[in-house]
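Peer 1: Pasted the sequence and its predicted model underneath.
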Amino acid sequence: MSSSFGHLFRVHSFGESHGGAVGAVVDGCPPRLPLAVEEIQRDLDRRRPGQSRLTTPRQEADRAEIVSGLFEGQTLGTPIAIVVHNQDARPSAYADMKDVYRPSHADYTYEAKYGIRNWQGGGRASARETIARVAGGAIARKLLAQAAGIEVLAWVSRVHEVEAKVDGALVSLDQVEANDVRCPDEDAATEMIERIDAARERGDSLGGVVECVARGVPAGLGAPAFDKLEAELARAMMSLPASKGFEIGSGFAGTRMTGSEHNDPFVPGSDGKPRTTTNRSGGVQGGISNGEDVVLRVAFKPTATIRQAQQTVDRDGNAVTLEAQGRHDPCVLPRAVPMVEAMMLLVLADHWLRQRAVDAL
């Protein structure tokens, strides 16, 4: 099972949803980077359950503990180990489902692959695994901000059929965090919240889209063939739980345009480097960043576990009706925002370090 991500800046993830702890080992972070556990905790707090009525009621403080790789407030260049202990695990809540395959979950496929599975809340396949990604992303955020001036910010751009209108070049963290759904369009956010509340009352769930922008990305990150920056970003985003689609720049909308409409014209920049008058490429051309904002979108399906009765089968192949119990998000989008940011940060940190090797001479 692959539990590692990255080449030079690497994150190793461990733990199960209802086990003793989850966490990450971050390897490849340069030494002498000032880092405090509070900087990691800020992003974990945005990801944690129980933060509003729009999320699972599971109450986890998700307090991070750094157990290696840090000395006198600076990184050592050695592996940084971060542990988050599970405090509100209730594995018994899943006992009635241990022999039943939940529709659209990883239950059947996981067991088909390994011949065994932890049925307690999804085990390793649970979104609780993303604590490792967000913790690693927080370290990557500090590295990229200090060393390269790169800023990454995501927000909810759509829930079900409610679409937000947001200027990605100007949106701020305060605007994103101004409401529980993490949508900086106030009118859209109000309607999104109403729809999520209604779905929760029906025992149902909703999906949507998270948009993410990386500002200050220098030209030159990525590679022209298999390690294209957009390919690495797509792999990162599609590894997130419940993700079902990825777009960068114009995405699928670009298929409805002509070449003359879609091309991003170059103009002289104030710093002597070329700039583009539009950004339909999403900041990446030929697999390599061009110095413009990197803009992407990730589609998330409705939460698979719902309270409504559903048809399924058990491990013996018998048809059964499942009415799932437990604590689940009626919509994953609000908590997916820091997860999308984390994966963008991890990819950019890795490629920023790889580019420094290319530029050695």
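Peer 2: On my side now, so go ahead. Numbers count the residues shown, from 1 in each chain.
Peer 1: quick one: the closest residue to residue 147 other than its chain neighbours from residue 232, how far?
Peer 2: Of all residues not flanking residue 147 in the chain, residue 352 sits nearest, at 7.4 Å (Cβ to Cβ, 6 or more residues apart in numbering). C-beta here means a position set from N, CA and C on the backbone, and glycine is covered the same way. Residue 352 sits 12 Å away from residue 232, going by Cβ to Cβ, to the nearest Å.
Peer 1: Specify the beta-bridge partners of the closest residue to residue 192 other than its chain neighbours.
Peer 2: Nearest residue to residue 192, sequence neighbours excluded (Cβ to Cβ, 6+ apart): residue 159, at 4.1 Å. Note on residue 159: beta-bridge partners residue 162, residue 208, judged by DSSP bridges.
Peer 1: Would you check that residue 159 makes contact with residue 195?
Peer 2: Yes. Between residue 159 and residue 195 there is a contact under Cβ atoms under 8 Å: 6.2 Å.
Peer 1: what ranges of the chain fall below the confidence cut-off?
Peer 2: For the chain, the stretches flagged by pLDDT under 70 are 1, 50-51, 56-59, 88-93, 95, 325-327, 360-361.
Peer 1: Quick check: residue 237 is in a strand.
Peer 2: No. Using DSSP: H, G, I helix; E, B strand; the rest coil, the secondary structure at residue 237 is helix, not a strand.
Peer 1: How about residue 146, nearest residue that isn't a chain neighbour?
Peer 2: Residue 146 sits nearest to residue 33 (Cβ to Cβ, 6+ apart), 6.8 Å away.
Peer 1: Who are the contact partners of that neighbour?
Peer 2: Neighbour list for residue 33: 74-75, 139, 142-143, 146 [criterion: Cβ atoms under 8 Å, 6 or more residues apart in numbering].
Peer 1: now that we have those, which one has the most neighbours?
Peer 2: residue 139 (28 neighbours; other Cβ atoms under 10 Å).
Peer 1: what about that residue, which SS state?
Peer 2: Assignment for residue 139 (three-state DSSP): helix.
Peer 1: hang on, the earlier thing: phi, psi of the residue nearest to residue 147?
Peer 2: Dihedral pair for residue 352: phi -70, psi -40, per degrees, to the nearest 10.
Peer 1: What is the burial count for it?
Peer 2: Neighbours of residue 352 (other Cβ under 10 Å): 22.
Peer 1: if we can go back for a sec, would you mind measuring from the residue nearest to residue 192 to residue 165?
Peer 2: From residue 159 across to residue 165, the span is 14 Å (Cβ to Cβ).
Peer 1: now swap in residue 277 and tell me
Peer 2: Residue 277 is 22 Å from residue 165, by Cβ to Cβ.
Peer 1: still on that earlier bit, out of the contacts of residue 33, who's nearest residue 86?
Peer 2: residue 139 (21.6 Å; Cβ to Cβ).
Peer 1: quick one, what contacts that closest one?
Peer 2: If you count contacts by Cβ under 8 Å, 6+ apart, then residue 139 has 26, 29, 33, 35, 40, 75, 80 around it.
Peer 1: doesn't the fifth one fall inside a helix?
Peer 2: Read that as residue 40. Yes. Per three-state DSSP, residue 40 lies within a helix segment.
Peer 1: For the helix or strand containing residue 193, name the packing helices and strands.
Peer 2: Assigned by DSSP states H and E, residue 193 falls within helix 186-201. Packing partners of helix 186-201 (3 or more Cβ pairs under 8 Å, 6 or more residues apart in numbering; DSSP states H and E): strand 151-159, strand 162-163.
Peer 1: How far away from the center of its chain is the first one?
Peer 2: To tie it back to what came earlier, the one meant is strand 151-159. Here the centre of strand 151-159 is set off from its chain's centre by 10 Å, with Cα atoms, centre = their mean, to the nearest Å.
Peer 1: Can you give me the neighbour number for the nearest residue to residue 305 once chain neighbours are set aside?
Peer 2: Using Cβ to Cβ, 6+ apart and skipping residues adjacent in sequence, the residue nearest residue 305 is residue 328, 4.5 Å away. Counted with other Cβ under 10 Å, the neighbours of residue 328 add up to 21.
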